[in-house]
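# Sequence plus the predicted model coming up.
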Amino acid sequence: MASRAPPDGGYGWVVVMSAFFVMGLTAAVLKNFGLFFLDIQSHFGVLTSTTSWVTSTTIVTFHLGAPLASALTMQFSHRLVIVVGGLLSASGLLLASLDLGLPWLYLTMGVLEGTGIAFAWIPANSLVSHYFSRWRPIAYAVASSGECVFAVVFGPLFRWLIEAYGWQGALLVIGGLQLNLCVCGALMRPLGDGGARARGAKVVFQFSLLAKPELLLYILYGVLAAAGFFVPPLFLVPFVSGLGAGSYRPAFLLSALALADLAGRLLCGWLANARLLGNLRLLAAAVALLGVALLLLPVSRDYRTVLLLSSLYGFLFGCAVAVHVTAIVDIVALEGFDSGLGLFMLFRSIGGCIGPPAAGWLVDQTGDYSAAFYLSGVCLVASAGFVALVDRLVQRRSSEAKGHQAVT
């Protein structure tokens, strides 16, 4: 697939819209898992850190499954892997609704759901990047905005489902919704002649990319960022609930956050597409400011101020997400993108595994949800430094390449 020039349009926009729905039915569902947190914790009567392992297992499995999803995509097709992902995701939540115990949730809502998300999310992002070159940043921004649009709706919808049918019934309905991932997968038409697999060439996952210092530093960014990224969606709802807000206020706060996230993705996607600032520089600035916003968020105990800072967090998060996947192309080129994305997600699982449980442990020790946001903010500010280093190395490599061409 890498040998063909991206068409930069045509059926690619159908792929973008299909990816839009994939993002909504995977990442937006995961982002709203925090709405189930207090209900599950109360139902089983366990500690905050113990409950957080449900979502942590989902996050870790999602990341660990990324290289496998990339390898299967290269060996078979984007379409097939996404359909399988839809079946796994739906099965995970449908089985979780049986409520057979907390370890059962780790297996179903965690392992099955996480694997399904990986199998749907990775190929969808990959195919968008292969269909576009000049318009890649804006195409990815539009596709990834599905996470935000769906999150706006899912916040109050999930809250209503929990109140109407209990958390078990809500999971059953959401699992049914995720079956639509199979329809999205069916729309993912292979580009041109179907790539190297169709031509009989052997497709190999490129572990050798780990020899690139730029990718290693970017992976370190991913580990620290993941430790911070997944904490706020999990603990924001219980934090706001502790302020005395009504049952629907936390859900609407998540919707406001999602709208700000959408604005950030589209704006940053446009900036990246206009080449006004490089992907990596945009990412470094967005992640650093994101960390600062999270450090400030728990200082206030007023709902309106928390809503404002949460919206700022959502906007900056959207800016970071708009470019953090396409930036991998700047590091390993399009030919290495599928393998590079898989490796990035694999090692990022370390942060996803450590972040939420560590934040939950701090909350248990301090009795205050603020500690979770401080941990998240520190991790994100530190991760921005690694992005800045990657940008410097990429710029140096580009300058050396231009100098070599000028000499020859």
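The structure has been received and is ready for your questions. A quick note: this is a predicted structure, and the numbers were derived from the prediction, not measured. Numbers count the residues shown, from 1 in each chain.

# Name the nearest residue to residue 213, ignoring sequence neighbours.
Nearest residue to residue 213 in three dimensions, chain neighbours excluded: residue 393, at 6.3 Å (C-beta to C-beta, 6 or more residues apart in numbering). Where C-beta positions appear, they are placed from N, C-alpha and C, glycine not excepted.

# need the contact list for that neighbour.
213, 214, 217 (C-beta atoms under 8 Å, 6 or more residues apart in numbering).

# Just those: which are in helices?
In helices, defined here by DSSP state H, the members of the contacts of residue 393 are 213, 214, 217.

# Which of those residues are buried? Put it as a PyMOL command.
Listed next is the PyMOL selection for buried residues among these, using 16 or more other C-beta atoms under 10 Å:
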select buried, resi 214+217
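
# and the lengthiest helix in the chain, what does it pack onto?
Determined from DSSP H, the single longest helix within the chain is helix 136-178. If contacts are counted by 3 or more C-beta pairs under 8 Å, 6 or more residues apart in numbering; DSSP states H and E, helix 136-178 sits against helix 12-31, helix 37-44, helix 78-96, helix 113-131, helix 249-273, helix 303-324.

# Just put the ones you listed in TSV and tack on mean neighbour count and distance to residue 280.
Formatted as TSV, those follow (neighbours: other C-beta atoms under 10 Å; distance: least, C-beta to C-beta, whole Å):
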stretch	mean neighbour count	distance to residue 280
helix 12-31	23	22
helix 37-44	17	34
helix 78-96	24	26
helix 113-131	28	16
helix 249-273	22	10
helix 303-324	23	8
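
# Considering those, which stretch scores lowest in mean pLDDT?
Lowest mean pLDDT within those: helix 249-273, a mean of 82.

# I'd like the next helix or strand past that helix.
For helix 249-273, the following helix or strand on the C-terminal side (DSSP states H and E) is helix 279-296.

# What helices and strands are in contact with that following helix?
Judged by 3+ C-beta pairs under 8 Å, 6+ apart, helix 279-296 is in contact with helix 213-229, helix 249-273, helix 303-324, helix 327-332, helix 370-407.

# Mind listing what's buried along it?
For helix 279-296, by 16+ other C-beta under 10 Å, it's 279-295.

# Any chance you could list what contacts that helix?
With C-beta under 8 Å, 6+ apart as the test, helix 279-296 has contacts from 137, 221, 225, 228, 232, 264, 268, 271-272, 309, 312-313, 316-317, 319-320, 323-324, 326-327, 330, 373-374, 376-384, 387-388, 390-391, 394.
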